[in-house]
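> Requesting a structural model of the entry that follows:
(chains A and B)
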Amino acid sequence: MEQKRISELSEIARKVRIGVVDAVYSAASGHPGGSLSSADILTYLYFEEMNIDPAAPDMADRDRLVLSKGHASPVLYSALANRGYFPVEELKTFRKADSRLQGHPDLKKVPGVDMTTGSLGQGVSAACGMALAAKLDGSSRRVYAVMGDGESEEGQVWEAAMFAAHYKLDNLCFVLDWNGLQIDGAIDDVIGPAPFDTKFAAFGWNVLTADAHDFASLDAAFAAAREQSGKPTVIIAKSVKGRGVSFMENQASWHGKAPNAAEYETAIKDLQA
Amino acid sequence: MADMIATRDAYGKALVEFGAKYDNLVVLDADLAAATKTEMFKKAYPDRFFDCGIAENNMIGVASGLALSGKIPFASSFAMFAAGRSFEQVRNSVGYPGTNVKIGATHGGITVGEDGATHQCLEDFALMRTIPGMTVICPADAGEARLAVQAAIEYNGPVYLRFGRMAVPALYDDTYAFSIGKGSRLVEGNDVSLIANGVEVEQALVAAELLKADGIHASVVNMATIKPLDREMVLEEAKRCGCIVTCEEHSVIGGLGAAVCEFLSETMPTPVLRVGTNDCYGRSGSAKVLLSLFGLDAAAICEKAKAAIQMKK
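Purely as a prediction, here's the structure:
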């Protein structure tokens, strides 16, 4: 990947992060930590990887993205808005009663949202169904699901993993946002869902790793996923929760709370640096 | 009553029949294809049948993803697992996004028989009925089961279909027209209205015959669609008969009886007695014995009918 493109994507990701902070601050609630850890992944998917058209969000042969970690809705909305699905200004209506930007993504309300999510473990199953449908249609469209590391504690994730491997859904790619933290603390302290690589490998998946904040690394992983035949791929993307906002980085406490006015100023300053 | 057919058998046959017409019809099962009868479809259309293994929650999500890509998925398991175990998946991945998923749940009710309480789902109408936008249907015979499958395919939106394990007689001939949300009056009567669905329609018909000996003329309505409820017909029955007995192979809490009570209490308060399982679990036994043991047979319906008539002013 050329340095110029990396710089462009980095600039987009910066705007996507500002949108996350704006949305959560305006709502005075929401999930900034896991949104910021996924910001580069979603930027890469929406601005580089996927075959989509913001002017035709229901295009039949578009690639699909399911944000299975639906609580990271601010980053999904911000990526979609920055990509042109709806005005960026609308991010400030997040979680308000007259807004279509629900606390968790609702496919019936927001153009570009491919699956309603929020209840963890369910989005990955829907992604399997979408990938299976693409196979039945003989279509080359691809399906991506972004899931949390804590989300892997849901048994349904492994039901989906079994299914995708059994039906050889090589058009399916999960991205596991490995930020190491969940609401109650470090994932290793809460229940210890790791290791992810050997678990997915044992379920018959092609396992790749990437740095979730390095576009060259993401680029290489997504390219390798496309080349994989006969197996679904999971990209285990090591990330930093709260990435880009100094006081939120690596803090479980920023999983699900909004910054106050002073914190908001600091966050925006961090992201404009 | 020569032709005794379980509605699950009719379900399997209907999937094959309509699979020919709709090439976007796909069928999912969770390792129960032999029992749910989706194996008929598996044999006819192996490329459109997907066994999900013993993993119902994933199956529901897969169905939703397929529906969002233009397929018409039927996801099958026993009622206990499709509606019970997967309630929250059905609620959040099917109901809330309104995906065009059809849930074909077999082995509903007490007539599951020998497998006993863990497999006798007496709560599925209640669970599915609380989901906004969900259609809930429990056909009474093989012919109606076939028509219900067809109606579900032609309707765009989530549908829960409950089929039974026990063979039941044919109640309708080929002229019967089924519509989602419409009840069907099988016997005319003015003294008490027996509003039933599933296997209980047959019991209600037998009860109506027995009641004649006591000079009681019961109306019998097959209310195959629990949601949306045919309010017009319920109101008609309430006005004409003045009392109602609901009959279902389900808990008295939350099912057809509850739906009728909820509606009438807000529109035209009318005595309603509910035949159903009385806030209890099932047990092992033959289907016939259990119907009697749990107060779901014709004799029990007759008793309730007489009590309901006593409640009229």
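> mind listing the helices for the chain?
You didn't say which chain, so I picked chain A. Assigned by DSSP state H, the helices in chain A fall at A:3-27, A:32-37, A:39-44, A:73-83, A:122-137, A:155-166, A:187-190, A:197-202, A:215-227, A:261-272.
> To clarify, I was referring to chain B.
B:7-21, B:33-36, B:39-44, B:56-67, B:79, B:87-89, B:124-129, B:142-154, B:200-212, B:231-241, B:256-267, B:287-293, B:298-311.
> what's the closest of these to chain A?
Chain A sits nearest to helix B:56-67 of all those, at 2.2 Å, using Cβ to the nearest Cβ. In short, each C-beta sits where N, CA and C put it, glycine included.
> Enumerate the positions of the closest one that are buried.
For helix B:56-67, the neighbour count (16 or more other Cβ atoms under 10 Å in any protein chain shown) marks B:56, B:57, B:58, B:59, B:60, B:61, B:62, B:63, B:64, B:65, B:66, B:67 as buried.
> Go ahead and confirm the fourth one touches residue B:28.
Yes: the pair formed by residue B:59 and residue B:28 meets the contact definition of Cβ atoms under 8 Å, at 5.1 Å.
> just to revisit the earlier point, buried deepest among the helices of chain A, which one?
Highest mean neighbour count among these (mean count of other Cβ atoms under 10 Å in any protein chain shown): helix A:32-37, with a mean of 30.
> what does the stretch 51-200 of chain B have sitting close to chain A?
Residues of the stretch 51-200 of chain B lying near chain A by Cβ under 8 Å from any Cβ of the partner chain: B:52-53, B:55, B:57-71, B:73, B:88-89, B:92-93, B:96-98.
> Is residue A:21 in contact with residue A:269, as I believe?
No: assessed by Cβ under 8 Å, residue A:21 is found out of contact with residue A:269, at 10.7 Å.
> shared neighbours, residue B:59 and residue B:28?
Overlap of the contact sets of residue B:59 and residue B:28 (by Cβ atoms under 8 Å, 6 or more residues apart in numbering or on different chains) consists of B:52, B:75.
> Would you state the predicted confidence (pLDDT) at residue B:307?
pLDDT recorded at residue B:307 is 98.
> Ok, residue B:1 next?
pLDDT, read off for residue B:1, is 48.
> ok, now residue A:71?
For residue A:71, the predicted pLDDT is 98.
> Report the contact partners of the residue nearest to it when sequence neighbours are not counted.
Closest residue to residue A:71 in three dimensions, ignoring its sequence neighbours and counting by Cβ to Cβ, 6 or more residues apart in numbering or on different chains: residue A:31, at 4.3 Å. Contact analysis of residue A:31 by Cβ under 8 Å, 6+ apart lists A:24, A:71, A:72, A:73, A:74, A:255, A:256.
> same deal with residue B:90?
B:60, B:82, B:83, B:103, B:128, B:131, B:134, B:158, B:160.
> quick one, which of the helices of chain B is nearest to residue A:261?
helix B:87-89 (37.5 Å; Cβ to Cβ).
> Pull the residues that contact that closest one.
A:119, A:122, A:125, A:156, B:56, B:57, B:60, B:61, B:127.
> remind me which residues of the chain are low pLDDT?
With no chain named, the answer covers chain A. For chain A, no stretch has pLDDT under 70.
> oops, I was thinking of chain B
For chain B, the ranges with pLDDT under 70 are B:1-2.
> quick one, domains of it?
B:4-169, B:184-311 (automatic domain parsing).
> Adding distance to residue A:87, write the ones you listed out as CSV.
CSV is the format used below for these (distance: least, Cβ to Cβ, whole Å):
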stretch, distance to residue A:87
domain B:4-169, 24
domain B:184-311, 38
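> hey, which of those domains is tucked in deepest?
Scoring the domains of chain B by how many neighbours each averages, mean count of other Cβ under 10 Å, gives domain B:4-169 as the top one, at a mean of 23.
> how long is that one end to end?
5 Å (Cα to Cα, to the nearest Å).
> tell me the two of the contacts of residue A:31 that are most distant?
The most distant members of the contacts of residue A:31, if one measures by Cβ to Cβ, are A:73 and A:255, lying 13.5 Å apart.
> nearest to chain A, of the contacts of residue B:90?
Nearest to chain A out of the contacts of residue B:90 is residue B:60 (Cβ to the nearest Cβ; 7.2 Å).
> So the residue nearest to the closest one when sequence neighbours are not counted versus residue A:197, what's the distance?
Distances taken as Cβ to Cβ, 6+ apart put residue B:89 closest to residue B:60, at 4.0 Å, once the chain neighbours are dropped. To residue A:197, residue B:89 is 27 Å away according to Cβ to Cβ, to the nearest Å.
> what would the contacts of residue B:90 look like in JSON lines with distance to residue A:246?
Rendered in JSON lines, the data for these read as follows (distance: Cβ to Cβ, whole Å):
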{"residue": "B:60", "distance to residue A:246": "42"}
{"residue": "B:82", "distance to residue A:246": "49"}
{"residue": "B:83", "distance to residue A:246": "49"}
{"residue": "B:103", "distance to residue A:246": "49"}
{"residue": "B:128", "distance to residue A:246": "49"}
{"residue": "B:131", "distance to residue A:246": "44"}
{"residue": "B:134", "distance to residue A:246": "47"}
{"residue": "B:158", "distance to residue A:246": "46"}
{"residue": "B:160", "distance to residue A:246": "50"}
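> circling back to that earlier point, ok, the contacts of helix B:87-89 vs residue B:19, which is closest?
Of all the contacts of helix B:87-89, residue B:19 sits closest to residue B:60, with 20.6 Å by Cβ to Cβ.
> can you pull the contacts of that closest one?
Counted by Cβ under 8 Å, 6+ apart, residue B:60 has contacts A:125, B:75, B:82, B:86, B:89, B:90, B:93, B:94, B:101, B:103.
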